[in-house]
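In: Here is my input, please return the structure:
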Amino acid sequence: SSHNLSRSVDNKIDFIKDKYFSLRLSVTEARQLAHRTANNGMCSPYVTVKLVPGTVGHPEFTKVSTKCQPRTLFPLFDETFDMLVPETLNTDQSFLLFSVKDRGPLGDRLLL
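Out: Next up, the predicted model:
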């Protein structure tokens, strides 16, 4: 029965590989983040990255987020993501949208 389970997982992985390709993305650091609110000049930043298709009517395909780095203006993220991208995506019109946000004490998620 474990052999059948393994075969099922392999078939699903092969299906995904046939329909998608992978984009490896590394987020390493940010520097001198300016904070808009008074919090002793510090922030707790994190980064979100979205794959946005350039054509109207297609939804965003993938979104990844780093871990929050508490109370720093020089965050070191050092995180790597593998984003699945559909083969049907027109890569000439698509783009990656990077957003650096602050997770405040109330979870405000302010854009930095």
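In: Heading C-terminal from the host helix or strand of Glu79, find the next helix or strand.
Out: Assigned by DSSP states H and E, Glu79 belongs to strand 76-86. Once strand 76-86 ends, the next helix or strand along the chain (criterion: DSSP H and E) is strand 95-102.
In: buried ones in that next one?
Out: 100-102 (16 or more other C-beta atoms under 10 Å). C-betas here are computed from N, CA, C, even on glycine.
In: ok, which stretches of this structure are helices?
Out: 2-19 (DSSP state H).
In: Show me the shaky parts of it.
Out: Scanning the chain for pLDDT under 70 picks out the ranges 1-19, 32-41, 55-61, 105-110, 112.
In: Look up phi and psi at Thr72.
Out: phi -150, psi 150 (degrees, to the nearest 10).
In: Ser99 versus that one, what's the distance?
Out: Relative to Ser99, Thr72 is positioned 17 Å away (C-beta to C-beta, to the nearest Å).
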